[in-house]
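Undergrad: How does the following fold in three dimensions:
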Amino acid sequence: MNNARETSQRQTPPGGHEAARVPLTASRPELLVDGNDDQLRGLIHDLLAFGGRLRDIRDALGGLIGLSGPAYTVMIAIAHLANQGTDAPADVGVTSVARHLNVSQPFVTAEVGKLAAAGLVDKAPSRADRRSVTLTVTDRAQALLASLAPDQREINDALFDSLGVDDFHRLSAMIGELVRGADHALVLAAERAQARQIAGGAA
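TA: So this is what the prediction gives:
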């Protein structure tokens, strides 16, 4: 019986010495090609490279208007979320920004504090819940985003130059699913790390 699910295929280099077996990093058949995980490993490495480049691009865009990458992301998220209202600007709070960016609320709170101190974000009591605050970008922030828009358009056009209309819609849907899968995988990774610490302490 083929045991490809337990170990990847052996490879014999030109020197005649058999390469050491490397355990498979996935078991789902959908993630294996010809019984090995080479394509999956390549995909993960490409995603890591793409994610790193996205962070560098974000930092560069923020730097063009004197902001850190995270502060820039939070500020533009507040501006865009406010524009999602139909008859009036949407009530944007820390929770909605955190959910939109898939980050923690403390992270958003910290960045909002910096933006407010810089005169780029205003905080006011929420219309829906007086215990919460509504976030809005100031006129100065809007002017900065307007000045940045030509650069954003050129850079985003280049970043996704390889995508057609159907590719763009498929990728948008797939990335959302991948983020949700990553959240589950992160919980599993934390559980495994904790279990190993407990096992190590008991040894």
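Undergrad: any weak-confidence spans in the chain?
TA: 1-19, 85-89, 202-203 (pLDDT under 70).
Undergrad: Okay, helices next: where are they in it?
TA: 38-64, 69-82, 94-101, 105-117, 139-159, 165-202 (DSSP state H).
Undergrad: Reformat the ones you listed as TSV; add distance to residue 126.
TA: Yep, even glycine has a C-beta here, placed from its N, CA and C like the rest. Formatted as TSV, the helices of the chain follow (distance: least, Cβ to Cβ, whole Å):
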stretch	distance to residue 126
helix 38-64	27
helix 69-82	13
helix 94-101	10
helix 105-117	14
helix 139-159	20
helix 165-202	27
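Undergrad: Quick one, which of those gets closest to residue 129.
TA: Taking Cβ to Cβ, helix 94-101 is the member of the helices of the chain nearest to residue 129, at 10.0 Å.
Undergrad: most tightly surrounded among the helices of the chain?
TA: Neighbour counts (mean count of other Cβ atoms under 10 Å) averaged over each of the helices of the chain peak at helix 69-82, with a mean of 21.
Undergrad: contact partners of that helix?
TA: 55, 58-59, 61-63, 65, 67, 89-90, 92, 96-97, 100-101, 107-108, 111-112, 114-115, 120-121, 135-137, 141-142, 145 (Cβ atoms under 8 Å, 6 or more residues apart in numbering).
Undergrad: gap between that helix and the chain center?
TA: Here the centre of helix 69-82 is set off from its chain's centre by 14 Å, with Cα atoms, centre = their mean, to the nearest Å.
Undergrad: any idea of the angle that helix forms with helix 105-117?
TA: 90 degrees (axes from the mean of the first three to the mean of the last three Cα atoms, to 10 degrees).
Undergrad: Just the CA atoms of helix 69-82, as PDB, please.
TA: What follows is helix 69-82, C-alpha atoms only, in PDB (Å, rounded to 0.1, in the frame of the first residue of the first chain):
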ATOM      1  CA  GLY A  69       2.000  51.400   8.200                       C
ATOM      2  CA  PRO A  70      -0.400  50.400  10.900                       C
ATOM      3  CA  ALA A  71      -1.600  53.900  11.500                       C
ATOM      4  CA  TYR A  72      -2.100  54.500   7.800                       C
ATOM      5  CA  THR A  73      -4.200  51.200   7.600                       C
ATOM      6  CA  VAL A  74      -6.400  52.200  10.600                       C
ATOM      7  CA  MET A  75      -7.000  55.700   9.300                       C
ATOM      8  CA  ILE A  76      -8.000  54.700   5.800                       C
ATOM      9  CA  ALA A  77     -10.200  51.900   7.200                       C
ATOM     10  CA  ILE A  78     -12.100  54.500   9.300                       C
ATOM     11  CA  ALA A  79     -12.500  56.700   6.200                       C
ATOM     12  CA  HIS A  80     -13.800  53.900   4.000                       C
ATOM     13  CA  LEU A  81     -16.100  52.400   6.700                       C
ATOM     14  CA  ALA A  82     -17.700  55.800   7.200                       C
END
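Undergrad: Many thanks, have a good one.
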